[in-house]
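Asks: following is a predicted model, sequence given first.
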Amino acid sequence: MSGDVVNLRMARKRRDRAAKEADAERNRFEHGRSKAERELARARNEKAARDHDASRREPDNGSS
């Protein structure tokens, strides 16, 4: 039996710290931008959606 001994308490703490850091990173990204940056990103996303919908083709009815 050659296995590594794992301290479960320390493993749990390490996992929890990583989860908290991921949440903090997400919050920094979402809340760390100015209002102008948020509005610009929103406008770009809306334009991309409009462009995508505008390039959509109508389905063929098969009547020729």
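Replies: Here it is on my side, so go on.
Asks: how about the strands of this protein, start to end?
Replies: For the chain, none of the segments meets the definition of strands by DSSP state E.
Asks: can you show me the helices along it?
Replies: Defined through DSSP state H, the helices belonging to the chain, from first to last, are 8-31, 35-54.
Asks: low-confidence ranges in this structure?
Replies: Along the chain, the parts satisfying pLDDT under 70 run over 1-2, 62-64.
Asks: swap the cut-off to 90 and go again
Replies: Screening the chain residue by residue with the criterion pLDDT under 90, one finds the ranges 1-6, 28-34, 38, 53-64.
Asks: what residue lies at the spatial centre of it?
Replies: The geometric centre of the chain, computed from its C-alpha atoms, lies nearest to residue 26 (CA atoms, centre = their mean), at 8.4 Å.
Asks: ok, the closest residue to residue 41 other than its chain neighbours to residue 27 distance?
Replies: Excluding the flanking residues, the one nearest residue 41 by CB to CB, 6 or more residues apart in numbering is residue 33, at 7.7 Å. From N, CA and C alone the C-beta is placed, and that goes for glycine too. Residue 33 sits 11 Å away from residue 27, going by CB to CB, to the nearest Å.
Asks: quick revisit: how far away is the residue nearest to the centre of the chain from residue 19?
Replies: From residue 26 to residue 19 the distance is 11 Å (CB to CB).
Asks: one more: residue 7?
Replies: From residue 7 to residue 19 the distance is 18 Å (CB to CB).
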